[in-house]
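**Q** got a structure for you, letters missing:
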Ligand SMILES: Nc1ncnc2c1ncn2[C@@H]1O[C@H](COP(=O)(O)OP(=O)(O)OP(=O)(O)O)[C@@H](O)[C@H]1O
């Protein structure tokens, strides 16, 4: 079996004594995965990622990256990681090429690498422009180009879609997919919004109030989500519908009725029942839970 790229076990952390920000966090990322690290604001994502990069000192638990301990092999490990934590740190008065040149010297990589990374992030045509004239999406992509300079195996992106417009989000998604597919990079991407990352991630971890609530393949998360899906209907005779669907827990909210969704076959059967009873259907909607509702479902799961 392959050694996981990242393996975090039972990590707990407090900024101040007595108030635990992270509790027994365990997280595993395998080679080639795009791992979505999800949780609402303040749940502990940035703290976890800072610990992962050794930017905060670990207190309890263990962190291994590429099979090595972050505490004893930090420099060696960091050479193979590109990261973007919080705001893009680029100089506005410099061009993209000049920004990259500053970091190229730090990383000690070849000159040709600048064009390569600019090309990878789709900024090859504007490398000579001052960064202050870039859109936020372009700045974000330039920050990723900086992180790519040393040719990392693992890329860690903390809420990279924050503040981006829909086009910027789509471009960033495409870039992340390419880095994973064409450059074989493993990627951890944090977000407070499942819908922003679900098109690209293969695995997810969900953190809430400093605890991991879920970790697994996206499909497993969809199974949890499916169990929380409801159907919303409005008909010409809602009272009658409640009688007809007496074996379901139908809830009424103003003119709307809602009940748990249990598959398309059951939906079709309900529809036939309504038709046979001469009840007109005015509205039918499937309600998939959003991330907040999923959190609630996961926290209350027995
Ligand atoms: N330097 C710090 N000192 C004390 N508390 C902190 C510090 N940094 C973060 N916290 C607290 O730790 C908790 C987790 O914050 P963290 O930034 O890790 O969450 P997050 O999930 O990344 O949220 P966000 O998306 O808002 O950054 C929050 O309650 C936050 O107020």
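**A** Okay, I see it. Bear in mind that the values here come from a model prediction, so they are computed numbers and not experimental data.
**Q** Next, count neighbours for residue 168.
**A** 19 (other Cβ atoms under 10 Å). C-beta here means a position set from N, CA and C on the backbone, and glycine is covered the same way.
**Q** and the gap between residue 295 and residue 213?
**A** Relative to residue 213, residue 295 is positioned 7 Å away (Cβ to Cβ, to the nearest Å).
**Q** Work out for me the element residue 27 sits within.
**A** strand 19-29 (DSSP states H and E).
**Q** before we move on, back to that, of residue 295 and residue 213, give the one with the bigger neighbour count.
**A** residue 295 (22 against 19).
**Q** and the helix or strand in which residue 82 is found, what other elements does it pack with?
**A** Using DSSP H and E, residue 82 sits in strand 81-84. Packing contacts for strand 81-84, counted by 3 or more Cβ pairs under 8 Å, 6 or more residues apart in numbering; DSSP states H and E, involve helix 136-148, strand 154-158.
**Q** Just want the most central residue of the protein.
**A** residue 36 (3.3 Å; Cα atoms, centre = their mean).
**Q** residue contacts, that residue?
**A** Going by Cβ atoms under 8 Å, 6 or more residues apart in numbering, residue 36 touches 189, 190, 191, 194, 197, 198, 200, 201, 203, 204, 205, 218.
**Q** for the ligand, what are the nearby residues on the stretch 151-300 of the chain?
**A** Selection of the stretch 151-300 of the chain residues close to the ligand by Cβ under 6 Å from any ligand atom yields 159, 192.
**Q** can you list the weak-confidence ranges in the stretch 151-300 of the chain?
**A** Where the stretch 151-300 of the chain drops to pLDDT under 70, the residues are 291-292, 299-300.
**Q** repeat for the stretch 1-150 of the chain
**A** Scanning the stretch 1-150 of the chain for pLDDT under 70 picks out 1-2, 87-88.
**Q** so of the contacts of residue 36, which ones are in strands?
**A** Under the assignment DSSP state E, those contribute 189, 190, 191, 203, 204, 205 to strands.
**Q** and of these, the nearest to the ligand?
**A** residue 190 (6.8 Å; Cβ to the nearest ligand atom).
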